[in-house]
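**Q** Here is a sequence together with a model predicted from it:
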Amino acid sequence: MRAPRGLSRLLLAARGWGRLGAMARYSTEQRGRPNSPDYRLYFKNADGKYISPFHDIPLLAASKEDKEIPAKRAKTTGSEIATEEPLNPIKQDIKKGKLRYVANIFPHKGYIWNYGALPQTWEDPNHTDTITGCCGDNDPIDVCEIGSKVRSSGEIVQVKVLGVLALVDEGETDWKIIAISVDDPEAHKIHDIDDVKKHKPGYLEATVDWFRLYKVPDDKPENHFAFNGEFKDKDFAAEIIKSTHEHWKALLHKKADGGTINCTNVLVSGSPFCCSEEDARSIVQSAPVHVNGDSVSPEVDFWYFCPK
């Protein structure tokens with residue numbers, strides 16, 4: 001059974017120079033009632049300290065990035081990342097007072113990849129992208145992880161970046177990074193977007209089709225793409241990631257207007273939004289305690305047929 005929109009999201013760390021085992025140092029803690037508006041999934045590091053997955057998990061899985069941020073690290077998947085809440089937990093996505101679900105658009109049932117986001121990136125809504133001519137969507141940059149394993153909500157995965165798709169979603173720039181987990185059985189032979197075409201034929205075409213139509217069941221128009229829906233390679237994608245990381249750094253140091261974005265963090269050195277471990281613990285403990293969840297709406301099994 002498919003999770004509500006956003007609860008199927010992962011948090012993905014871009015490939016750096018660290019080992020995959022480093023990703024296992026993070027854990028999650030549930031609060032509230034699953035399949036309800038009060039559900040939250042908070043994150044902890046290896047020391048058991050509550051952290052923001054948006055701000056406190058390094059973009060690169062290596063110590064080099066720690067020096068570039070810098071970070072105070074003495075030791076160191078229907079729902080969405082709650083960008084406007086302290087510590088940015090994962091929450092149920094809500095639309096018009098109801099839980100929001102990813103539509104099953106024939107022939108696809110829900111997401112067709114592991115859908116997530118890169119930490120420490122931000123698509124600035126006040127910055128006009130020179131490529132798309134549109135401003136950012138005010139979120140971390142999205143990732144479609146095309147590996148063979150179905151990941152759990154909130155799982156942190158080290159990935160290899162392969163390329164990028166330039167989606168224009170309701171007039172906003174919404175880049176979609178294509179990546180594969182470094183521990184995937186096929187990762188050794190998939191290094192760039194052309195390798196995806198070779199080893200997973202039809203996958204990229206299906207991805208364009210999915211993003212073009214996924215809001216049509218909500219009575220919204222089809223989405224559009226820059227470059228006529230052409231995927232750009234990993235070098236192009238790396239520049240997009242670098243740009244959104246710089247926008248995030250400006251956000252965390254009050255050099256950019258984040259509007260309602262909550263920048264509370266525990267580990268980003270020099271950030272005026274840095275809070276104490278005690279304050280972070282209080283934020284989590286103020287959320288409702290975890291209890292058994294509600295049943296999932298039958299809406300998740302409804303099929304939509306959209307014109308091609």
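**A** Done, it's in. Predicted, not measured: the structure shown is a model, and the values here were computed from it. Numbers count the residues shown, from 1 in each chain.
**Q** Surely Asp257 is in contact with His127?
**A** No: with contact defined as C-beta atoms under 8 Å, Asp257 does not reach His127; the gap is 10.4 Å. Where you see a C-beta, it was placed from the backbone N, CA and C, and this is true even at glycine.
**Q** higher neighbour count, the two?
**A** A count of neighbours by other C-beta atoms under 10 Å puts His127 above the other of Asp257 and His127, at 17 against 11.
**Q** which residue ranges form the strands in the stretch 101-250 of the chain?
**A** According to DSSP state E, counting those that start in this stretch, the stretch 101-250 of the chain carries its strands in the segments 104-105, 114-117, 142-145, 156-169, 172-181, 224-225, 232-233.
**Q** Note down every partner strand of the third one and its orientation.
**A** Think strand 142-145. strand 114-117 (antiparallel), strand 172-181 (parallel) (DSSP bridges).
**Q** between those strands, which one is nearest to Leu165?
**A** strand 172-181 (4.3 Å; C-beta to C-beta).
**Q** tell me the angle the closest one makes with strand 156-169.
**A** Strand 172-181 runs at 150 degrees relative to strand 156-169, counting by axes from the mean of the first three to the mean of the last three C-alpha atoms, to 10 degrees.
**Q** Identify the residue nearest the geometric centre of the chain.
**A** Nearest residue to the geometric centre of the chain (C-alpha atoms, centre = their mean): Ala117, 1.9 Å.
**Q** Quick check: beta-bridge partners of Tyr42?
**A** Here Tyr42, judged by DSSP bridges, has bridge partners Glu29.
**Q** Would you map the helices across this protein?
**A** All helices of the chain, identified by DSSP state H, fall at 63-68, 193-199, 203-213, 234-252, 277-285.
**Q** What is the fourth one packed up against?
**A** If you count contacts as 3 or more C-beta pairs under 8 Å, 6 or more residues apart in numbering; DSSP states H and E, helix 234-252 packs onto strand 156-169, strand 172-181.
**Q** what about 10 Å?
**A** When contacts are defined as 3 or more C-beta pairs under 10 Å, 6 or more residues apart in numbering; DSSP states H and E, helix 234-252 sits against strand 9-14, helix 63-68, strand 156-169, strand 172-181, helix 193-199.
**Q** Before I go, just wanted to say thanks for your time.
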